[in-house]
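1. what follows is a predicted protein model with its sequence.
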Amino acid sequence: MRQQTSYTLYAFLAAFLLSFNAVAKPLKFVLQENTLGTVTEKNWQGKFLLMGVGYTSCPDICPTTVIDLATAVNSLDEASNKVTPIFISVDPNRDTVENLDMYVKYFDPKMVGLTGTHEQIKAITKSMKATYGYSLEGKPIYPPLPKHYEVYHSAYIYLYGPDRELIDVFGYGEGGAKIGQALKRYINE
């Protein structure tokens with residue numbers, strides 16, 4: 001058990017530290033949303049996208065990330081309609097579009113929950129320079145996944161401009177208020 005925990009911790013830390021090691025290209029994706037069905041980055045033309053990755057059964061990092069997304073956007077008052085908060089699930093086996101939608105709407109009704117196939121998730125996380133993976137008994141595993149597995153992922157929040165260029169990356173725990181202040185500056189530029 002201790003070896004499994006150690007591996008998971010090291011894998012998570014490696015994912016966290018290595019997840020932003022290169023400049024990202026303009027964001028492009030095809031994913032699924034509960035009410036819209038198939039969506040792309042073009043669904044939110046003219047808007048900033050504030051994005052995080054994770055999964056709904058994550059006990060600690062993801063709730064903080066989703067709260068930070070909601071707090072940042074809601075701090076903008078009337079300018080909040082210029083930013084779409086998006087949470088992308090990297091656990092499509094467990095996170096259906098329906099339960100992902102309920103999860104994000106619990107935190108903020110304006111938040112969008114996206115997921116997709118393993119291939120679609122791999123493509124967007126690669127584009128974002130986000131990382132994630134799965135493990136079982138302390139060893140990395142790959143889809144198709146068995147019944148019981150753990151998920152690890154990077155914990156950054158990414159801000160993309162209306163042109164889908166990466167503008168900023170916020171570290172885990174920076175807080176929604178600080179992210180909101182940065183959003184105000186970018187919106188007013």
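-> Received the coordinates, thanks. Numbering: from 1, shown residues only.
2. what residue ranges in the chain score low on pLDDT?
-> Scanning the chain with the threshold set as pLDDT under 70 gives 1-24.
3. which stretches of it form strands?
-> 30-33, 37-40, 48-54, 83-89, 112-114, 132-136, 139-141, 150-153, 157-160, 166-170 (DSSP state E).
4. parallel or antiparallel, list what pairs with the last one.
-> Take DSSP bridges as the rule and strand 166-170 pairs in its sheet with strand 157-160 (antiparallel).
5. could you do the fifth one as well?
-> Using DSSP bridges, the neighbouring strands of strand 112-114 in the sheet come out as strand 83-89 (parallel).
6. enumerate every residue touching the residue nearest to Ile124 when sequence neighbours are not counted.
-> Nearest non-adjacent residue to Ile124, counting by Cβ to Cβ, 6 or more residues apart in numbering: Phe29, 4.2 Å away. C-beta: built from backbone N, CA, C; applies to glycine. By Cβ atoms under 8 Å, 6 or more residues apart in numbering, the contact list for Phe29 reads Thr40, Glu41, Leu114, Gln120, Ala123, Ile124, Ser127.
7. highest neighbour count among the residues you listed?
-> With neighbours taken as other Cβ atoms under 10 Å, the top of those is Leu114, carrying 27 neighbours.
8. unless I'm mixing things up, that residue is touching Ile86, no?
-> Yes. In this structure, Leu114 is within contact of Ile86 by Cβ atoms under 8 Å, at 6.0 Å.
9. rewinding a little: which ones among the contacts of Phe29 map onto helices?
-> Counted as lying in helices by DSSP state H, out of the contacts of Phe29, are Gln120, Ala123, Ile124, Ser127.
10. which residues touch the third one?
-> Contacts were defined as Cβ under 8 Å, 6+ apart; by that measure Ile124 touches Leu27, Phe29, Leu31, Ile88, Gly116, Ala130.
11. quick one: the last one and Ser80, what's the gap?
-> The reference is to Ala130. If you measure Ala130 against Ser80 using Cβ to Cβ, to the nearest Å, the figure is 24 Å.
12. re the thing from before, nearest to Tyr106, of the strands of the chain?
-> Among those, the nearest to Tyr106 by Cβ to Cβ is strand 112-114 (10.3 Å).
13. ok, residues contacting the closest one?
-> With Cβ under 8 Å, 6+ apart as the contact definition, strand 112-114 has outside contacts at 29, 31-34, 39, 84-89, 97, 100-101, 103-105.
14. mind checking which of the residues you listed are buried?
-> 29, 31-34, 39, 84-89, 97, 100-101, 103-104 (16 or more other Cβ atoms under 10 Å).
15. what about the nearest residue to Gly176 once chain neighbours are set aside, distance to Pro26?
-> Of all residues not flanking Gly176 in the chain, Thr71 sits nearest, at 2.4 Å (Cβ to Cβ, 6+ apart). For Thr71, the distance to Pro26 equals 27 Å [Cβ to Cβ].
16. noted, bye for now.
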